[in-house]
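Participant: Give me a 3D structure for the following:
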Amino acid sequence: MNKEALKSVILVILIAFSLILSVALWNYQPSVDELQKEKVVEDTKLEGIGETNELLTLIEPEQYVFHKDHGYYSYANTGDLKDAYTDMKQWKLSSINKNPNAAKPSEGQEMVEIIFPTEIPMLALKKLVSIPSAEILNQSQSFDRIVVTHNHEEQSAGKYELFVINSKEKVNGTKLRAQLEEVDGKSLFSTSTEKDMVEQVRLADYMDEANTSDDGFNHIYISKEKRTYPSVVLQADSIPVTPLQNYLFPSSSVVTDSTSSTGERLIRDVYRHLEVMSNDKKLKYIYQIPNEANATDLGKFELLEQSREDINEHLGWTNDFKLEDILQFSAKVNYRMYFEGLPILQSLDYVDVATMYIKYEQGAIQAYARPLLQFKESRFNINSADSVGELLSGEDIAERLKKSKFKYENIQGLRIGYELKEEEHGLAYYLIPQWFVNIDGQWIAVTENTELSQNEEVS
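Facilitator: Numbering: from 1, shown residues only. Alright, predicted model coming up:
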């Protein structure tokens, strides 16, 4: 074979090899795209940081109040309250009346008030207890208390009755009446003798302007004696922004990443705006949705479920959060952080990292704000007498409020919670237990400075 023929053969081989490589590259490209897509999917979740949540975890009651021997008693331990809530999920209701007369407490009647920290959509009741599937509940109603009464008359057809109540409604807040199976009723009432209990007092009994003659199931109950709670040292891990950005922005978005004049990080496209605030401690996102005709109105239960599912989708439950409230008019759901059963009711002075909210418009997330810190109990916590705070008794707190500027009609809640503080150099955080009063929806720490003139206006 001469040189020219050999060159031709080599050239043909090279061309063939080149074609094979080209075809291989063409075939390989979709695989690269698929890997990139898989990577984007993974990056939309806070893997190894957050988790998903069930509905019933978000709507736990804050208090069980047993009316017994003309007194009021609650569980001393958070664990007993959680056990009672677990038992409630097994209850079976019958003889459902969805248009009952108003339930009225009777003097000396044995009963249990189960108090929730906020109004719960009525449709959630079917998730909470067993109700016949044929029963259709009113989706526009809400409740914040469940009352179980015990009728000792042997001839009574319903020994244990259950009432679902919205205590905020003045005329008739009783939304549902039913019979509770005897085995469930007995189990509930027996815990008042089997578990450690703390005596409670009613705030209204200490306030001059309060009418305690017959005001239904709307009382605020507080511990009669002093309670002790530990101060807690926390460490905080940063939550990465990238997975949240990938979740909130479509993969097709052309995004700009810049820094504002105040040092805040800004991530934007045409319609979306994400701000990383306060030295990477909080995220705020806004989607300026274009006006469209197909706006959708979500009910309270739909808002609750949609927000839970959306946060589940990116594993956004990075601490123990509970439902704070649902604002149907603005399509907004608020959540609050808890620690060991107590809410964090006061956050850092310069940024709130103890709450998060999600807001909707036309079925899409229109706004989302959340902390970018995940709090964990520090291994340097010192379990000593110095770290345990003895708080004022309920009676003392009631007397302090009686002398304060606050009117009873404006008090929506009174409870022990945590204040979150930051160590001077930002190396640690502290949870300080104290009393808080809710005035027109705002939690305020009850301190010595709360003792103001009754006639002084709230600023």
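Participant: hey, let's count contacts and neighbours off CA atoms from now on
Facilitator: OK.
Participant: can you list the weak-confidence ranges in the chain?
Facilitator: 1-42, 108, 153-158, 210-215, 291-296, 381-388, 448-459 (pLDDT under 70).
Participant: So which residues of it form helices?
Facilitator: Here the chain has its helices, by DSSP state H, at 3-42, 55-58, 78-88, 125-128, 182-194, 242-248, 300-313, 394-402.
Participant: Contacts for the second one, please.
Facilitator: Translated: helix 55-58. With contact meaning C-alpha atoms under 8 Å, 6 or more residues apart in numbering, helix 55-58 is reached by 127, 128, 305, 308, 321, 322, 323.
Participant: got the buried residues for it?
Facilitator: Buried residues in helix 55-58, defined by neighbour count with 16 or more other C-alpha atoms under 10 Å: 55, 56, 58.
Participant: Closest to residue 240 out of the residues you listed?
Facilitator: Top of the list for closeness to residue 240, among the buried residues of helix 55-58 and by C-alpha to C-alpha, is residue 58 at 24.0 Å.
Participant: For residue 66, see how far away that closest one is.
Facilitator: Using C-alpha to C-alpha, to the nearest Å, we find residue 58 at a distance of 23 Å from residue 66.
Participant: related to what we said a few turns ago, kindly reformat the buried residues of helix 55-58 as TSV containing distance to residue 166.
Facilitator: As requested, the buried residues of helix 55-58 are exported to TSV (distance: C-alpha to C-alpha, whole Å):
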residue	distance to residue 166
55	20
56	19
58	19
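Participant: Dump the contacts of helix 55-58 to JSON lines, plus neighbour count and distance to residue 142.
Facilitator: As requested, the contacts of helix 55-58 are exported to JSON lines (neighbours: other C-alpha atoms under 10 Å; distance: C-alpha to C-alpha, whole Å):
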{"residue": "127", "neighbour count": "12", "distance to residue 142": "14"}
{"residue": "128", "neighbour count": "18", "distance to residue 142": "13"}
{"residue": "305", "neighbour count": "16", "distance to residue 142": "15"}
{"residue": "308", "neighbour count": "21", "distance to residue 142": "18"}
{"residue": "321", "neighbour count": "22", "distance to residue 142": "20"}
{"residue": "322", "neighbour count": "21", "distance to residue 142": "17"}
{"residue": "323", "neighbour count": "25", "distance to residue 142": "14"}
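Participant: can I get these in CSV with distance to residue 441?
Facilitator: As requested, these are exported to CSV (distance: C-alpha to C-alpha, whole Å):
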residue, distance to residue 441
127, 27
128, 26
305, 23
308, 23
321, 18
322, 16
323, 14
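Participant: Just name the closest of these to residue 376, please.
Facilitator: residue 321 (13.7 Å).
Participant: Specify the beta-bridge partners of that closest one.
Facilitator: Applying DSSP bridges to residue 321 yields these beta-bridge partners: residue 337.
Participant: ok, it to residue 234 distance?
Facilitator: In terms of C-alpha to C-alpha, residue 321 sits 16 Å off from residue 234.
Participant: Just give me the residue right at the centre of this protein.
Facilitator: By C-alpha atoms, centre = their mean, the chain has its centre lying nearest to residue 322, at 1.9 Å.
Participant: Roughly how far does the closest residue in space to that residue that isn't next to it in sequence sit from residue 305?
Facilitator: Counting by C-alpha to C-alpha, 6 or more residues apart in numbering, residue 322 lies nearest to residue 58, which is 4.4 Å off, once chain neighbours are set aside. Using C-alpha to C-alpha, residue 58 is found at 10 Å from residue 305.
Participant: Give the full set of residues in contact with residue 114.
Facilitator: Contacts for residue 114 (C-alpha under 8 Å, 6+ apart) come out as 61, 62, 63, 64, 65, 145, 146, 147.
Participant: Just give me the neighbour total for the second one.
Facilitator: In other words, residue 62. By the other C-alpha atoms under 10 Å criterion, the neighbourhood of residue 62 contains 18 residues.
Participant: is it true that it touches residue 113?
Facilitator: No. Contact criterion C-alpha atoms under 8 Å: residue 62 and residue 113 do not qualify, at 10.8 Å.
Participant: how about the strands in the stretch 351-459 of the chain?
Facilitator: Here the stretch 351-459 of the chain has its strands, by DSSP state E, counting those that start in this stretch, at 355-361, 364-371, 373-377, 388-390, 411-422, 429-439, 442-445.
Participant: Of those strands, give the one that comes closest to residue 93.
Facilitator: strand 411-422 (29.7 Å).
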